[in-house]
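Chemist: This is the structure alone, sequence omitted:
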Ligand code: FAD
């Protein structure tokens, strides 16, 4: 009864605000079982994201308990003469309002299971592990940390990760989902067997390589444009027990990238003769090597850039891991030793630590807790993530790391290469047109502390300057987690893939009501 009342109120508010002339009883007959809420706390949460750069309040928030709840709501929006828009929101860790909408309903995919739950007591499905087949079926709003915890009970784990696990499955699959395993296993979107998707017409479809394959490929990396992922079937492997985690430093960029590229070129087998994870980061700040991802460099053993002969004041850190089982620890030592011998880092700069696999995967969460305790997590994040073609990465280093950035970064700068042949060209994600390309992630936080170089305005300007530099220098970067505000820019981003992207949109969300926060298409009210 309480749910029905809440629903009536929410729908009436929708009607009043959008100016709908629909009969509320007609909408009530939808029988949306999930909770449609206009609670100010829900609206406020859905108005914001991790970036804290934009704010857009929806008319209501749906807490779905099943794919059917979502299908009913989408059908209503699609079939109505006076539509409202719908944005799936996972964990809201976008930067530029990609999961927001002002003129409609946010479908809160993550978080309905824990905390207060739904008034009806119904909840989205729990992960279901198929141990023999080595895959897991998960709800689209499931967080990766919970996927990991469920699969570990069977001694299994997904193969491809993001650095941070408090992101939803639907959210990362709408982009790509990358980390240091991507060179080997491909991004997360290359490790999915099957999806259930509610399209922009309100149809609930199962799709895979074999079934509704156009929809399957379009949705992966599709920025939420073609449907809402309600279930994903994710490939698993036996979970390692422990991880040897190593960091080594370079003063020369060419040595650093040569070694990174060598490591990602090693054949998949034998697995003993390659690392399991290859990332890296750039250190341009003067003084101690210290940032939110490098608690690893022990403060008892501070390293000064000046003592390492950094090239142009910049150092590069290669970060690699080897997974292992306790029973094979000795062999792991030898394998690591022999791989390190082939690399050209500063000999005195080897930092090694050893930890449980789950602690390695969940490493960024520890940094999050530290930053939260200092009030440095909930600040604006003008992040810039770029895919840079291998042929131009040295130009990027000269122009950006040793040029535009000066000696200030305001956050970690990740850099690691990936093999394009691990990315399925049929997916919607856009990558540079070269066999190897780098992720360069400028993960900056803006602070309101009176220091000009840490202000939001300064960092936004610097981002624009970097993009302009790439344009002028003929570096054909592609934005990862892209953000554009005009369709012309989006067409440029997609290049030759635009026509197909557009066609898929017309087929699966012809009224352009889904994920309007991406600002690619305008709803046709
Ligand atoms: P949201 O912000 O909620 O949504 C993102 C987009 O996806 C929106 O357009 C939304 O409408 C759509 N969407 C959400 N759920 C669904 C669904 N079920 N079906 C269809 N569309 C949906 N990315 C990496 O690849 N690697 C990393 O290592 C990495 N680390 C990160 C660390 C931090 C601290 C943060 C803040 C982000 C990081 N990201 C990383 C980026 C992250 O993958 C994306 O921002 C992702 O979209 C966040 O997931 P979310 O659940 O918060 O998505």
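Modeler: Perfect, I can see it now. Here the structure is a predicted model, which is why all the values come from computation and not from measurement. Numbers count the residues shown, from 1 in each chain.
Chemist: tally of neighbours for residue 45?
Modeler: By the measure other Cβ atoms under 10 Å, the count of residues near residue 45 is 16. (Glycine included, C-beta is placed from N, CA and C.)
Chemist: ditto for residue 464
Modeler: 11.
Chemist: measure it to the ligand for me?
Modeler: According to Cβ to the nearest ligand atom, to the nearest Å, residue 464 and the ligand sit 21 Å apart.
Chemist: just how off-centre is the helix or strand harbouring that residue within its chain?
Modeler: Assigned by DSSP states H and E, residue 464 belongs to helix 456-472. Chain-centre distance of helix 456-472: 22 Å, with Cα atoms, centre = their mean, to the nearest Å.
Chemist: From the rest of the structure, what touches it?
Modeler: The set of residues external to helix 456-472 that reach it, using Cβ atoms under 8 Å, 6 or more residues apart in numbering, is 53, 380, 382, 384, 386, 388, 396, 399-400, 403-405, 410, 442, 444, 446, 448, 452, 475-477.
Chemist: Quick check: end-to-end length of stretch 153-170?
Modeler: End-to-end span of stretch 153-170 (Cα to Cα, to the nearest Å): 22 Å.
Chemist: For this structure, which residue occupies the most central location?
Modeler: Nearest to the geometric centre of the chain sits residue 172, at 4.3 Å (Cα atoms, centre = their mean).
Chemist: Wait, a helix at it?
Modeler: Yes. Under DSSP: H, G, I helix; E, B strand; the rest coil, residue 172 sits within a helix.
Chemist: Return the distance of residue 86 relative to the ligand.
Modeler: Distance, residue 86 to the ligand, using Cβ to the nearest ligand atom: 9 Å.
Chemist: I'd like the distance from the strand or helix carrying that residue to the chain centre, please.
Modeler: Mapping residue 86 onto the secondary structure by DSSP H and E places it in strand 85-89. Centre-to-centre, strand 85-89 and its host chain are 17 Å apart (Cα atoms, centre = their mean).
Chemist: From the contacts of helix 456-472, which land in strands?
Modeler: Counting by DSSP state E, the members of those that fall within strands are 384, 386, 388, 442.
Chemist: Verify the contact between the last one and residue 385 for me.
Modeler: So the one you mean is residue 442. Yes. Residue 442 is in contact with residue 385 according to Cβ atoms under 8 Å; the separation is 7.5 Å.
Chemist: And these two? Which one has more around it.
Modeler: Neighbour totals were compared for residue 442 and residue 385, and residue 442 leads with 24 against 20 (other Cβ under 10 Å).
Chemist: got the contact list for the more buried one?
Modeler: Applying Cβ under 8 Å, 6+ apart to residue 442 gives the contacts 383-385, 409, 411, 413, 463, 466.
Chemist: can you rerun that using 6 Å?
Modeler: 384, 413 (Cβ atoms under 6 Å, 6 or more residues apart in numbering).
Chemist: Just the pLDDT for it.
Modeler: Residue 442 carries a pLDDT value of 97.
Chemist: circling back to that earlier point, what is the mean pLDDT for the strand holding residue 86?
Modeler: 97.
Chemist: Residue numbering should commence at 553 henceforth.
Modeler: In the new numbering, first residue 553, that becomes strand 637-641.
Chemist: Output the contacting helices and strands for it.
Modeler: Applying 3 or more Cβ pairs under 6 Å, 6 or more residues apart in numbering; DSSP states H and E, one finds that strand 637-641 contacts strand 656-660.
Chemist: same for the strand it packs on, what does it pack against?
Modeler: Looks like strand 656-660 contacts strand 612-615, strand 637-641 (3+ Cβ pairs under 6 Å, 6+ apart).
Chemist: okay, the angle between the longest one and strand 656-660?
Modeler: Going by axes from the mean of the first three to the mean of the last three Cα atoms, to 10 degrees, strand 637-641 is angled at 20 degrees with respect to strand 656-660.
Chemist: And the contacts of strand 637-641?
Modeler: Against strand 637-641 from outside (Cβ under 6 Å, 6+ apart): 626, 629, 651, 653, 655-661, 776, 780, 1065-1069, 1075.
Chemist: Now tell me what touches stretch 1055-1064 from outside.
Modeler: With Cβ under 6 Å, 6+ apart, stretch 1055-1064 has contacts from 751-752, 770, 777-779, 1073, 1075-1076.
Chemist: whoops, stretch 811-828 was the one
Modeler: Here stretch 811-828 makes contact (Cβ under 6 Å, 6+ apart) with 735, 830, 832, 872-875, 887, 895-896, 969, 971.
Chemist: Quick one: end-to-end distance for it.
Modeler: 15 Å.
Chemist: What mean pLDDT does it get?
Modeler: pLDDT averaged over stretch 811-828 gives 94.
Chemist: next one: it to chain centre, how far?
Modeler: Distance of stretch 811-828 from its chain centroid, counting by Cα atoms, centre = their mean, is 24 Å.
Chemist: tell me which residues of it are tucked away?
Modeler: For stretch 811-828, the neighbour count (16 or more other Cβ atoms under 10 Å) marks 811-813, 815-816, 818, 826-828 as buried.
Chemist: and the two most separated of the residues you listed?
Modeler: 813 and 828 (17.1 Å; Cβ to Cβ).
Chemist: Make JSON lines out of the helices and strands packed on strand 656-660 and add mean neighbour count.
Modeler: As requested, these are exported to JSON lines (neighbours: other Cβ atoms under 10 Å):
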{"stretch": "strand 612-615", "mean neighbour count": "26"}
{"stretch": "strand 637-641", "mean neighbour count": "27"}
